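> Generate a structure from the sequence data that follows.
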Amino acid sequence: MALKDLKAEIDGLKQDLGLSNDVLAGALKVDARTIERWRTGVSFPQHEGRARLDAFLTVRAHALDTFNTAEAARTWMHTNNRYLGGMTPENAAQAGRLDRVEAALTALDAGLFI
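I've put the predicted structure just below:
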């Protein structure tokens, strides 16, 4: 992935889902400064970091598809969710549980927990 694309993907995650560097860092299991190094091209995500970033990009695409607007996806990310045991999807992501966030979106798409 080119630097321009990587910066755009990270910025898209932050903007579309209303996430901070700290939340991204928790979800990607890296230091918050690492996110900025990726954005500026000082370093690039390797193996596990790349896989986690790809997983988060998949969650972002799923959320935008489910909710049709970034504003609605942001609202969902910051709202307590019964499927996630009362956590917000943002909190679940920060705890490294992107699989649970993806599962919550899938459940919502299936008409559960509406």
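
> before we move on, which element is the residue most central in space within the chain in?
When Cα atoms, centre = their mean is applied to the chain, the residue found nearest the centroid is F56 (4.2 Å). When secondary structure is defined by DSSP states H and E, F56 falls within helix 47-67.

> Can you tell me which helices and strands that helix packs against?
helix 3-17, helix 21-28, helix 70-77, helix 98-109 (3 or more Cβ pairs under 8 Å, 6 or more residues apart in numbering; DSSP states H and E). Just so you know, the C-beta spots here come from the backbone N, C-alpha and C atoms, and that holds for glycine as well.

> Buried deepest among the ones you listed, which one?
Each of the helices and strands packed on helix 47-67 was scored by mean neighbour count; the highest is helix 21-28, a mean of 20, by mean count of other Cβ atoms under 10 Å.

> Quick check: what element follows that helix along the chain?
Following helix 21-28 in sequence order, the next helix or strand is helix 32-40 (DSSP H and E).

> Output the contacting helices and strands for that following helix.
In terms of contact count using 3+ Cβ pairs under 8 Å, 6+ apart, helix 32-40 is assigned the packing partners helix 3-17, helix 21-28.

> what does the longest one contact?
In other words, helix 3-17. Applying Cβ atoms under 8 Å, 6 or more residues apart in numbering, the external contacts of helix 3-17 come out as 1, 19-21, 24, 35, 38-41, 44-45, 53, 56-57, 60, 63-64, 70, 73-74, 77, 90.
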